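1. Below is the structure, and that's it, no one-letter string:
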């Protein structure tokens, strides 16, 4: 179904009600709020900024979900193509090697925290200990 573009004229009590309904309806696209009263203009601007931020957040979430799906698919294909390598490394979950570095001797250093470059309780080796 094609979305209906909605513009609300006036941002008083009923204008806010219509704005809320248009914003929450998945079949409508709130394109404008028209208001001449200065205090209500400020509130309408806040709604517009919120809507823009919400749209960007949804876009980022969708991109992250798509990336996770691609990575999972890549991991499955790699494991299917090289099952012996993964079996020898002790990876049986089908996940990435980094998910298993903490306990797997084939991928971790002596501390069991993986190749992080950290020692002494998490202090990076590039920093010097005081005292």
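-> Looks like it arrived, so ask away. Remember, predicted model here, so these are calculated numbers, not experimental data. Numbers count the residues shown, from 1 in each chain.

2. what's the burial count for residue 90?
-> When counting by other CB atoms under 10 Å, one arrives at 13 neighbours for residue 90. Backbone N, C-alpha and C define where each C-beta goes, glycine included.

3. Check it and give its pLDDT.
-> pLDDT for residue 90: 74.

4. which strands and helices sit next to the host helix or strand of residue 66?
-> Assigned by DSSP states H and E, residue 66 belongs to helix 38-81. Counting contacts by 3 or more CB pairs under 8 Å, 6 or more residues apart in numbering; DSSP states H and E, helix 38-81 packs against helix 13-24, strand 28-34.

5. will you turn those into TSV that also has mean pLDDT?
-> Below are the helices and strands packed on helix 38-81 laid out as TSV (pLDDT from 0 to 100):
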stretch	mean pLDDT
helix 13-24	90
strand 28-34	90
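
6. Any chance of those in CSV with distance to residue 89 and mean neighbour count as columns?
-> Output for these, formatted as CSV (distance: least, CB to CB, whole Å; neighbours: other CB atoms under 10 Å):
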stretch, distance to residue 89, mean neighbour count
helix 13-24, 49, 14
strand 28-34, 50, 15
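
7. out of those, which comes closest to residue 2?
-> Comparison of those against residue 2 by CB to CB identifies strand 28-34 as nearest, at 9.7 Å.

8. strand partners of the closest one, parallel vs antiparallel please.
-> Paired neighbours of strand 28-34 in the sheet (DSSP bridges): strand 4-9 (parallel).

9. Now the strand it pairs with: buried residues?
-> 6, 8 (16 or more other CB atoms under 10 Å).

10. again, but for stretch 75-90
-> Result for stretch 75-90 [16+ other CB under 10 Å]: buried residues 75, 79, 86.

11. Quick check: the second one touching residue 86?
-> So the one you mean is residue 79. Yes: counting by CB atoms under 8 Å, residue 86 is a contact partner of residue 79 at 5.1 Å.

12. quick one: residue 31 from residue 66, how far?
-> 27 Å (CB to CB, to the nearest Å).

13. Residue 23 too?
-> In terms of CB to CB, residue 23 sits 25 Å off from residue 66.
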